[in-house]
Structures are given as structure tokens and as C-alpha cells.
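**Student:** coordinates only, sequence not included:
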């Protein structure tokens, strides 16, 4: 997907179509808020269904947000279909609030992979607090053969 050939609005709409095709993303109400080459901002509303027994957002949901944002950033930097090759996350504080925001960017992109980083914030009463940081390697999928 070459961003230069489409407007920023069309690029964002294309990214939203990809997110809408992911059943888990639809299930938790994830939204692609911003998307440009090498950058992504993904939002996840916090409801009871994404919390664990202590009332915090489940770590798997934080990981989902980071992983998806990393993949959008890396995939758009590479300009082709991708998968996550590896990623690491550090949980910094319990996520308690109304919304998660995962902001990712491509740090270095080669021909077949992109190393990306992501900050995950929780928003409570309009204030963002960093709750997790992640880094991952996003790999280009090989071309499909018939």
C-alpha cells in the first residue's frame, strides 16, 4: 500500500477496512484513529469485558493494542502485507480508565522487515498515563504463489 498515491483520508479509510476485517478487533470495539506511513494510533474502549479480576484492563488486551499498532506502523512503512515476527511488552502500571491509546512508529525499515516501537496509554478523566511500552519486528509476507 503506497501512501503517496492516495490521500491521507483514503489511506486511513483503507486501514480501517483492514481493522474491520479482524473479528477480535470488532469484538472489543477497536478504532483506527490515525494512520500514515510508519505511524499508527489505535484506540480501544475500556468496558467490563476487557478487564481482569482486579478491575484492570487484561494484559492480553494491552498486548493486542500494541501488537496491532506495531503491525500497522511496520506494514505501512514496508508497503506490503505483513505479520508480526516478534514483539516484547513491558507493563508499567495497571490500566484503569475509559480508553486505551496505542501509538506506534517504525524506527527502522529495511526491505523485508521493520522494527517498531509503541507506547500504550490509558485515558482516565481526559488524562493520558503511560501504562505499557512495546517493541516489535514486523516482517513482510512472501509473495503468494499459485
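**Tutor:** Received the coordinates, thanks. None of these values were measured; they are calculated from a predicted model.
**Student:** tell me the secondary structure at residue 66.
**Tutor:** helix (DSSP: H, G, I helix; E, B strand; the rest coil).
**Student:** distance check, it against residue 93.
**Tutor:** Computed with C-beta to C-beta, to the nearest Å, the distance linking residue 66 and residue 93 is 15 Å. Every C-beta, even on glycine, is put in place using the N, C-alpha and C of the backbone.
**Student:** higher neighbour count, the two?
**Tutor:** residue 66 (30 against 11; other C-beta atoms under 10 Å).
**Student:** the closest residue to that one other than its chain neighbours sits in which helix or strand?
**Tutor:** Nearest residue to residue 66, sequence neighbours excluded (C-beta to C-beta, 6 or more residues apart in numbering): residue 134, at 3.8 Å. Assessed by DSSP states H and E, residue 134 sits inside strand 127-140.
**Student:** excluding residues flanking it in the chain, which one is nearest residue 40?
**Tutor:** residue 72 (3.7 Å).
**Student:** now do the same for the most centrally placed residue in the chain: helix, strand or coil?
**Tutor:** In the chain, the centroid-proximal residue (C-alpha atoms, centre = their mean) is residue 69; its distance is 1.4 Å. Classification of residue 69 by three-state DSSP places it in helix.
**Student:** isn't it up against residue 39?
**Tutor:** No - Residue 69 lies out of contact with residue 39 (C-beta atoms under 8 Å); the separation is 9.3 Å.
**Student:** what is in contact with these two at once?
**Tutor:** The contact sets of residue 69 and residue 39 overlap at 103, 104 (C-beta atoms under 8 Å, 6 or more residues apart in numbering).
**Student:** measure the residue nearest to the centre of the chain to residue 42 for me?
**Tutor:** From residue 69 over to residue 42 (counting by C-beta to C-beta), the distance is 5 Å.
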